[in-house]
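>>> Just need the structure, nothing else, for what follows:
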Amino acid sequence: MTARGNKGQHGSALVISLVVLTAITLVALVAMQRSSTQIRMISNLQHQHEVSNAARGTLNYVFERMRDNTALQNGMLNQAKSIYRDALDNDQINEEQTNIPSFNPFQEFGTQLTQPSFSSKIIPSSGLTTSFKALPVPSGTSYYLKSAPGCGSACDAIPAAITTSAQSKNNTISVTQQIGILRLVPGGA
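Sure thing, here's the model as predicted:
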């Protein structure tokens, strides 16, 4: 009788070891899948940072060039102000001021301003766009600054905005950065 009992136990040990082996295999597969998902998440995050840095870098480049070059700054602000006034005169701007016309500073001022290039696998050369536009001055606003040279009674303000957008090759990542500028012109000119 003892011999028969041992034969039945040998089969159950095989089944139990197969169940344990299957469980270990499933745990290993889940761990591998999670690590590959994490790698894809990190890759997407790096791509998002690369697109964001390209937009921010272009925006900073335009702003610094304007800051360091007074002639370029005056030219861009006057161009934006002229385009804005023409649009107002021709009733091309709605009451909400959401459709203010803008221009590409790299095209209009190409002799003084060259578009930076980025060596990126995910941002095509056409993936960066930059625009410059004048912004409305709130009605009844005058700027009086005693410390500003030449602003005796008031200064005329020229508010403007530089906007840069960057988009990835597959159009899954899109970033827009914007900076505002307020130029005070002495004497209300």
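>>> can you give me the helices in the chain?
2-68, 70-89, 105-108 (DSSP state H).
>>> P159 is nearest to which of those?
Among those, helix 70-89 comes nearest to P159, with 9.4 Å by C-beta to C-beta. (C-beta placed from N, C-alpha, C; glycine too.)
>>> angle of that closest one against helix 2-68?
90 degrees (axes from the mean of the first three to the mean of the last three C-alpha atoms, to 10 degrees).
>>> mind checking how far F103 is from V19?
According to C-beta to C-beta, to the nearest Å, F103 and V19 sit 71 Å apart.
>>> who's more crowded, the two?
F103 (17 against 10; other C-beta atoms under 10 Å).
>>> quick one: the more buried one and K81 touch, right?
No. When contacts are counted by C-beta atoms under 8 Å, F103 is not listed as touching K81 (11.6 Å).
>>> how about TSV for the helices of the chain, with mean pLDDT and distance to T130 added?
Below are the helices of the chain laid out as TSV (pLDDT from 0 to 100; distance: least, C-beta to C-beta, whole Å):
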stretch	mean pLDDT	distance to T130
helix 2-68	84	6
helix 70-89	87	11
helix 105-108	92	6
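>>> A166: which of these is closest?
helix 2-68 (3.9 Å).
>>> helices and strands around the closest one, which ones?
Applying 3 or more C-beta pairs under 8 Å, 6 or more residues apart in numbering; DSSP states H and E, we find helix 2-68 packed against helix 70-89, strand 128-134, strand 155-167, strand 174-186.
>>> Now do that helix and strand 128-134, the angle between them.
Going by the same axes, to 10 degrees, helix 2-68 makes 40 degrees with strand 128-134.
>>> Tell me the gap between helix 2-68 and the middle of its chain.
From the chain centre to the centre of helix 2-68 is a distance of 29 Å (C-alpha atoms, centre = their mean, to the nearest Å).
>>> before we move on, back to that, in TSV, list the helices and strands packed on helix 2-68 along with mean neighbour count.
TSV is the format used below for the helices and strands packed on helix 2-68 (neighbours: other C-beta atoms under 10 Å):
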stretch	mean neighbour count
helix 70-89	16
strand 128-134	21
strand 155-167	20
strand 174-186	15
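>>> can these go into a markdown table with extra columns for distance to Q38?
Putting the helices and strands packed on helix 2-68 into a markdown table (distance: least, C-beta to C-beta, whole Å) gives the following:
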| stretch | distance to Q38 |
| --- | --- |
| helix 70-89 | 45 |
| strand 128-134 | 30 |
| strand 155-167 | 25 |
| strand 174-186 | 23 |
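>>> Find the residue at the geometric middle of this protein.
V175 (2.9 Å; C-alpha atoms, centre = their mean).
>>> N78 versus that residue, what's the distance?
For V175, the distance to N78 equals 29 Å [C-beta to C-beta].
>>> got it, and S35?
Look at S35 and N78: by C-beta to C-beta, they are 57 Å apart.
>>> How about G127?
Using C-beta to C-beta, G127 is found at 30 Å from N78.
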